[in-house]
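The following block contains a protein sequence and its predicted model.
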Amino acid sequence: MILEGDQFADPEFRRGVWRQTATTVAMVTSAHDGSANVMACEWAMMVAVSPLRFVISVGPRHATHELIERSGEFGLSFCSDRQARLSHVSGSYSLNDIDKWTLADFPTYPAHVIAAPMIEHCALNVECRVAETSPLGDHTLFLGEALWARFDAERQPLIYHAGQYRYLGEQIPKD
Ligand SMILES: Cc1cc2nc3c(=O)[nH]c(=O)nc-3n(C[C@H](O)[C@H](O)[C@H](O)COP(=O)(O)O)c2cc1C
């Protein structure tokens, strides 16, 4: 069934649009003034190669937003397909209400360059400095320049689609 139009004020239509997207999930870590946080972020991706840059889209009411604005940096820990629970926990609670580090066993290691901790056993970790900030209305785009990266080629990224977690599927031939 094909639906089309510009009825973006209709939550059902918007949800239908969103459900047709698929992403990975990054656990965005941030820290400032003795407070550190972790938040699931589906809208996180690499967008430039030289210099290597990543973009994230963060709601302005999230505690993460203020921590990134104040510190000017953030960590990206792209979930492996074994980390759906950590994604779920970090995306279902806010530091505004509770200290998420107590809700699950987030395995952390100290970042090399930034103050925020990074998450272990991920597909990819990238430490970023904010290069540009663009308000988008109900979200803010933070463009981050990569300062340090670490990846594990043995791990597969977690896939997020229509509110559910998936494994990366089989390769499809190009012809
Ligand atoms: C899988 C998943 C992906 C999410 N992606 C985003 C995202 O891209 N941007 C965003 O602002 N919130 C996203 N969220 C919601 C935040 O993670 C959630 O509101 C979180 O509680 C914010 O935490 P904080 O207030 O401690 O920063 C996502 C949640 C989940 C479960």
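That came through fine.

Could you use CA atoms for every contact and neighbour count after this?
Noted.

For the nearest residue to residue 115 once chain neighbours are set aside, give its distance to residue 110.
Nearest residue to residue 115, sequence neighbours excluded (CA to CA, 6 or more residues apart in numbering): residue 31, at 6.2 Å. Distance check for residue 31 against residue 110: by CA to CA, to the nearest Å, it reads 12 Å.

Quick check: mean pLDDT of the helix or strand where the residue nearest to residue 115 lies?
When elements are assigned from DSSP states H and E, residue 31 belongs to strand 26-32. Per-residue pLDDT values over strand 26-32 give a mean of 99.

One more: stretch 40-54?
For stretch 40-54, the per-residue pLDDT values average out at 98.

what about that stretch and the ligand, any contact?
Yes: contact between stretch 40-54 and the ligand, assessed by CA under 6 Å from any ligand atom, occurs at 40, 41, 42, 43.

Scan these and report the most crowded one.
Neighbours here mean other CA atoms under 10 Å. Within the residues of stretch 40-54 next to the ligand, the largest count is held by residue 40, at 24 neighbours.

Can you add distance to residue 67 and secondary structure and give the residues of stretch 40-54 next to the ligand back as TSV?
As requested, the residues of stretch 40-54 next to the ligand are arranged in TSV below (distance: CA to CA, whole Å; DSSP: H, G, I helix; E, B strand; the rest coil):
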residue	distance to residue 67	secondary structure
40	15	strand
41	15	strand
42	18	coil
43	18	coil
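
outside of stretch 104-114, which residues touch it?
In this structure, residues lying in contact with stretch 104-114 by CA atoms under 8 Å, 6 or more residues apart in numbering are 73-75, 86, 89, 116-121, 127-129, 147-148.

now for those residues, which pair is the farthest apart?
The span of the contacts of stretch 104-114, defined through CA to CA, is set by 89 and 147 at 26.9 Å.
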